[in-house]
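*Asks:* I'd like to go over a predicted model; first the sequence, then the structure.
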Amino acid sequence: MDDNLDDVFRERRRLLALGYRMTGTLADAEDIVQETYLRWYRLTDVEREGIANPAGWLTTVAGRVALDLLGSARRRREQYVGPWLPEPVPADVFAGAIGARTASPADPLDRITLDDDVSTALLVVLEAMTPAERVAFVMHDVFAVPFDEIAAAVGRSSAAVRQLAASARRHVRESRAVAVPRDEHDRVVRAFQDATRTGEIGALLRFLAPDVELRSDGGGVVSAARNVVSGADHVARFLLGIAAKSPRLTVEEQRFGDGIGLVFRNEGAVHSVMNLHVEHGVITQLWIVLNPAKLTHWRPSP
């Protein structure tokens with residue numbers, strides 16, 4: 001196998017990480033990677049030999065494929081039953097995919113964009129962006145692709161792409177999707193879990209922000225709240241109601257991009273996955289994925 005082909009194969013993990021950030025699901029990310037490689041193999045030998053940077057070529061093509069896919073995905077999600085949430089994956093799924101980057105530790109936005117770990121909070125914000133904003137932000141801020149190369153991928157000028165990335169960055173900052181210190185996040189989530197076990201609403205309210213929101217994604221396949229549950233009292237009662245109706249569920253901690261989250265199992269099979277966002281010592285967002293199509297990555301416990 002020649003070095004050029006070796007380089008191409010080694011890019012698969014990084015392209016999958018890029019595709020997941022672009023779309024929020026592993027299935028769509030796989031489609032992006034597959035189409036990117038198909039386009040590579042459709043090239044003639046002469047065309048491939050003329051590509052000085054195969055990794056850069058693959059990344060640019062993946063961005064172009066993602067832009068096309070995001071347009072159709074947005075139309076599908078307009079007909080989705082209930083809230084649409086990103087597919088939850090463990091924090092280490094894309095470990096080492098981005099590679100070494102230099103970031104300022106003083107800016108929490110750097111952490112959620114430069115980490116291998118993928119934050120649910122960031123993915124939710126990305127979902128609200130236009131496809132072009134999302135592609136520009138992920139390719140430039142996360143994968144350090146120059147604006148000129150992104151411009152070639154999205155069919156716009158370099159200046160326009162720069163504006164798209166700046167607009168996307170504002171969305172992230174304004175949404176407060178920036179990361180909190182992991183130890184603070186984990187402390188609050190564990191205290192919240194202990195409070196839930198008590199069955200006492202007062203204990204639970206201590207760890208919920210007054211304007212907390214809960215979204216659950218059943219995809220119309222399994223029972224889930226089809227509207228956002230808002231307010232600490234409503235969210236607390238909703239959670240305690242679930243616990244009362246499902247006494248056989250077991251819960252385990254799992255490391256996600258946001259920090260510790262919770263995996264619920266029924267006799268070993270995954271029932272749902274909960275990610276949480278913490279700010280100022282309280283939980284402001286809860287995301288519960290129950291749609292079986294988004295839990296295929298998870299295997300039954302031994």
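*Replies:* Good, I have the coordinates. Numbers count the residues shown, from 1 in each chain.
*Asks:* Would you map the strands across the stretch 201-302 of the chain?
*Replies:* With DSSP state E, counting those that start in this stretch as the criterion, the stretch 201-302 of the chain has strands at 208-217, 229-230, 250-256, 259-266, 269-279, 282-289.
*Asks:* for those strands, which one sits closest to Val93?
*Replies:* When the strands of the stretch 201-302 of the chain are compared by Cβ to Cβ, strand 250-256 sits nearest Val93, at 9.8 Å. The way it works is simple: take the backbone N, C-alpha and C, and place the C-beta from them, glycine included.
*Asks:* average pLDDT for the closest one?
*Replies:* Mean pLDDT, strand 250-256: 93.
*Asks:* now for it, which elements pack on it?
*Replies:* strand 259-266 (3 or more Cβ pairs under 8 Å, 6 or more residues apart in numbering; DSSP states H and E).
*Asks:* picking that back up, looking at the strands of the stretch 201-302 of the chain, which is closest to Glu30?
*Replies:* Closest to Glu30 of the strands of the stretch 201-302 of the chain, according to Cβ to Cβ: strand 282-289, at 18.2 Å.
*Asks:* the inter-axis angle of the closest one versus strand 208-217?
*Replies:* Put simply, strand 282-289 runs at 10 degrees to strand 208-217, going by axes from the mean of the first three to the mean of the last three Cα atoms, to 10 degrees.
*Asks:* Just checking: what are the partner strands of strand 282-289?
*Replies:* Sheet pairing of strand 282-289 (DSSP bridges) gives strand 208-217 (parallel), strand 269-279 (antiparallel).
*Asks:* Dump that strand to PDB, keeping only the CA atoms.
*Replies:* The C-alpha coordinates for strand 282-289 follow below in PDB (Å, rounded to 0.1, in the frame of the first residue of the first chain):
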ATOM      1  CA  VAL A 282     -27.400  24.600  38.900                       C
ATOM      2  CA  ILE A 283     -28.800  22.700  35.900                       C
ATOM      3  CA  THR A 284     -30.200  24.800  33.100                       C
ATOM      4  CA  GLN A 285     -30.800  22.200  30.400                       C
ATOM      5  CA  LEU A 286     -31.600  18.500  30.400                       C
ATOM      6  CA  TRP A 287     -31.600  16.500  27.200                       C
ATOM      7  CA  ILE A 288     -33.000  12.900  27.300                       C
ATOM      8  CA  VAL A 289     -32.700  10.700  24.200                       C
END
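*Asks:* what about the strands paired with strand 282-289, which gets the closest to Val251?
*Replies:* For Val251, the closest of the strands paired with strand 282-289 is strand 269-279, at 8.7 Å, according to Cβ to Cβ.
*Asks:* need the contact list for Asp194.
*Replies:* Residues counted as contacts of Asp194 (Cβ atoms under 8 Å, 6 or more residues apart in numbering): none.
*Asks:* Kindly provide the distance from it to Leu204.
*Replies:* Separation of Asp194 from Leu204 (Cβ to Cβ, to the nearest Å) stands at 10 Å.
*Asks:* returning to what we had before: and the strands of the stretch 201-302 of the chain as a markdown table, adding distance to Glu11 and mean neighbour count?
*Replies:* As requested, the strands of the stretch 201-302 of the chain are arranged in a markdown table below (distance: least, Cβ to Cβ, whole Å; neighbours: other Cβ atoms under 10 Å):
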| stretch | distance to Glu11 | mean neighbour count |
| --- | --- | --- |
| strand 208-217 | 31 | 20 |
| strand 229-230 | 41 | 15 |
| strand 250-256 | 25 | 15 |
| strand 259-266 | 29 | 19 |
| strand 269-279 | 28 | 22 |
| strand 282-289 | 29 | 22 |
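*Asks:* closest one to Leu26 among those strands?
*Replies:* strand 282-289 (12.5 Å).
*Asks:* between that closest one and strand 259-266, how many degrees?
*Replies:* Relative orientation of strand 282-289 versus strand 259-266 (the same axes, to 10 degrees): 40 degrees.
*Asks:* from the chain's centre, how far out does strand 282-289 sit?
*Replies:* Relative to its parent chain, strand 282-289 has a centroid offset of 14 Å by Cα atoms, centre = their mean, to the nearest Å.
*Asks:* For it, give me every contacting residue.
*Replies:* So strand 282-289 is contacted by 85, 87-88, 120-121, 124, 176, 188-189, 192, 207-209, 211-217, 224, 235, 239, 272-278, 295 (Cβ under 8 Å, 6+ apart).
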